[in-house]
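1. Below is the structure, and that's it, no one-letter string:
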C-alpha cells in the first residue's frame, strides 16, 4: 500500500516524465516497423548503390539518437546488408548515437517534460543517489533486452553523466545483444528472414533471459544501495 501511494504521488507530480518514457518505448518500434514494410521490396536495389553504406549509418545514427529506430533492428539490418565488414561501423554508430541521444534525452526532459529535476522530492533524492554509480547503472540498463536505447536515454536524462562515461557504458552494455542480432543478420539470405521470429532459438532465448536477469539484479542492487543511503541521511 505504501509503495502504491508513493507511485501515485509520483504520477501526480511528475506525470510528463512518465508519458515521455512511454513514448520513447513505443515510438522506435512503431516507426521502424512502418519503414521496414515500405522499404522491404527495394532493400536489395538500395544496397547495390555505392553510397548506401555511408548513408545507412549516417541516417541510422540520427534515428537511433532521436528514438526513431531500435538499435536491434539497425544491427540486424547492418549484418544482413554488409556482413562482418559492417560491424565496426555499427559500433561507431552506436557510440555517436549514444552521445547525441544523451543530449536529446536531457533536452526532452527540460523542454518537453518541463524540467531536468523531479517535483517529487523523494524521486529527486533517489535519482541523485542512483547517480553515485553512473557507469554500472548504465551498463545494466543497456544489457536489458526490455529497456530500449531511446527509453534509457530519456529515463536517465535527469541524472548526471560524463559524456565519456555514457558512451563507454553504452558500448559495453550493448555489445552482447549487438553481436547476437548482428550475427543473425549475417546468416539471413532474405530481408524478411533477417527479422522473422517464428523459429525459437533456445540459445538466443537463454542469452536474452541471462541478460535480463543480470540487468534486473544489477539495477536492483544499485537501487537498494541508493535507498539505504537515503535512509541513513534521515
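-> All right, it came through fine. These figures come from a predicted structure and were not determined experimentally.
2. Could you state which residue of this protein sits nearest its centroid?
-> The residue lying closest to the centre of the chain (C-alpha atoms, centre = their mean) is residue 149, at 1.2 Å.
3. got the contact list for the residue nearest to residue 89 when sequence neighbours are not counted?
-> Computed as C-beta to C-beta, 6 or more residues apart in numbering, the closest residue to residue 89 that is not its neighbour in sequence is residue 57, at 5.0 Å. Every C-beta, even on glycine, is put in place using the N, C-alpha and C of the backbone. By C-beta atoms under 8 Å, 6 or more residues apart in numbering, the contact list for residue 57 reads 78, 89, 90, 92, 93.
4. Looking at these, spot the one nearest residue 173.
-> residue 90 (14.6 Å; C-beta to C-beta).
5. any idea where the helices of the chain begin and end?
-> 2-13, 15-39, 43-47, 52-65, 71-82, 87-111, 121-130, 134-143, 149-155, 163-187, 191-195, 202-233 (DSSP state H).
6. Going by neighbour count, which residues in the fourth one are buried?
-> For helix 52-65, the buried set under the neighbour-count rule, 16 or more other C-beta atoms under 10 Å, comprises 53, 56, 57, 60, 61, 63, 64, 65.
7. And for the longest one?
-> Of all the residues in helix 202-233, those buried under the rule 16+ other C-beta under 10 Å are 207, 208, 211, 215, 218, 219, 222, 226.
8. Just the closest of the residues you listed to residue 162, please.
-> Nearest to residue 162 among those, counting by C-beta to C-beta, is residue 222 at 17.4 Å.
9. I'd guessed that closest one sits against residue 130; true?
-> Yes: if you go by C-beta atoms under 8 Å, residue 222 and residue 130 touch, sitting 6.2 Å apart.
10. Find residues that contact each of those two.
-> The contact lists of residue 222 and residue 130 share residue 137, where a contact means C-beta under 8 Å, 6+ apart.
11. Of the contacts of residue 57, keep whichever come out buried.
-> Here, 16+ other C-beta under 10 Å leaves 78, 89, 90, 93 buried among the contacts of residue 57.
12. Need those residues in CSV (columns: distance to residue 118 and pLDDT).
-> Formatted as CSV, the buried ones among the contacts of residue 57 follow (distance: C-beta to C-beta, whole Å; pLDDT from 0 to 100):
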residue, distance to residue 118, pLDDT
78, 37, 86
89, 38, 93
90, 35, 93
93, 32, 94
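13. need the residues you listed in a markdown table with distance to residue 183, can you?
-> Shown next, in a markdown table, are the buried ones among the contacts of residue 57 (distance: C-beta to C-beta, whole Å):
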| residue | distance to residue 183 |
| --- | --- |
| 78 | 11 |
| 89 | 16 |
| 90 | 12 |
| 93 | 17 |
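14. hmm, back to that, could you find the lowest-pLDDT member of the buried residues of helix 52-65?
-> Here the lowest pLDDT out of the buried residues of helix 52-65 sits on residue 53, with 81.
15. Tell me how many other residues crowd the nearest residue to it once chain neighbours are set aside.
-> Leaving aside its chain neighbours, residue 53 sits nearest to residue 82 (6.2 Å; criterion: C-beta to C-beta, 6+ apart). When neighbours are defined as other C-beta atoms under 10 Å, residue 82 has 20 of them.
16. Also the one 5 residues further on?
-> Neighbour count for residue 87, taken as other C-beta under 10 Å: 18.
17. In contact with it, which residues?
-> 78, 79, 182.
18. so which of those comes closest to residue 23?
-> residue 78 (25.6 Å).
19. close enough to count as contact, the closest one and residue 91?
-> No: counting by C-beta under 8 Å, residue 91 is not a contact partner of residue 78; they are 10.3 Å apart.
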